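Novice: Predicted coordinates and the sequence they were generated for:
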Amino acid sequence: MADGNSFVAVVNDTTTKLTRTTKKGKEKTYSPSYKTVIAGNNHAQLLGKKIGDVIDGMFVGEGESTLTGYKLEITGGSDKTGTPMRRDLDGGSRQAILVTASTGFKGHNLVSKTKKGEKKRFRYKPEGMRKRRVFRGNTITQDTRQINLKVVDAGNIGLDKLLGEEEAAAE
């Protein structure tokens, strides 16, 4: 778990494509993601970086599992309360903005109806729906707890060997 002096890094391996079969029998391709911790001196190296910046992989991981030889792009993250970072907001502070369907807001209401003992839920998507939502700016600060990264340039050793066989997310 990440504390005040560490980040959880979720690294998406865009160089590897895997396939899986869904419940409906369709074949889906995905890129595996791996979870690691950035702590200590590497934590300080990432403070002040912004979404879209490319960083060296040697700052990600601990000990022998650092991603030396990799180039990683920062694609997003969230803070200690789970508030997502947003690319188009400058700074690292929390800001409440009015948004339509985009990052951090799906643009629909869940509506429940009860008919003859059945409870049904569906999404009602009114045209032009906007809501005020709280987001973090695009800069990594002390309050950031998770950073999402994607592989831009791969190193010699695969991510599955460096960060373990465990797959954190497969979507």
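Specialist: Cool, the structure landed.

Novice: The residue most central in space within the chain in helix, strand or coil?
Specialist: Residue closest to the average C-alpha location in the chain (C-alpha atoms, centre = their mean): N148, at 4.0 Å. Here N148 is recorded as strand under DSSP: H, G, I helix; E, B strand; the rest coil.

Novice: Check L67 too.
Specialist: L67 is classified as coil under three-state DSSP.

Novice: What sits closest to it if chain neighbours are left out?
Specialist: Nearest residue to L67 in three dimensions, chain neighbours excluded: G57, at 3.1 Å (C-beta to C-beta, 6 or more residues apart in numbering). From N, CA and C alone the C-beta is placed, and that goes for glycine too.

Novice: cool, L149 as well?
Specialist: L72 (4.3 Å).

Novice: now swap in A39 and tell me
Specialist: S6 (3.8 Å).

Novice: Please state the backbone phi and psi of the one you found?
Specialist: Main-chain dihedrals, S6, degrees, to the nearest 10: phi -150, psi 160.

Novice: What is the neighbour count of it?
Specialist: 16 (other C-beta atoms under 10 Å).

Novice: Could you double-check that it sits in contact with A44?
Specialist: No: counting by C-beta atoms under 8 Å, S6 sits too far from A44 to count as a contact (10.9 Å).

Novice: So which residues of the chain form strands?
Specialist: In the chain, the strands defined using DSSP state E lie at 6-12, 18-21, 27-30, 33-39, 54-56, 71-79, 94-99, 109-115, 118-124, 131-136, 144-153.

Novice: quick one, what contacts the residue nearest to L67?
Specialist: 66-72, 155 (C-beta atoms under 8 Å, 6 or more residues apart in numbering).

Novice: With neighbour count and pLDDT as new columns, can these be given to me in CSV?
Specialist: Output for the contacts of G57, formatted as CSV (neighbours: other C-beta atoms under 10 Å; pLDDT from 0 to 100):
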residue, neighbour count, pLDDT
T66, 19, 78
L67, 26, 82
T68, 16, 83
G69, 14, 85
Y70, 25, 87
K71, 14, 91
L72, 23, 91
G155, 17, 79
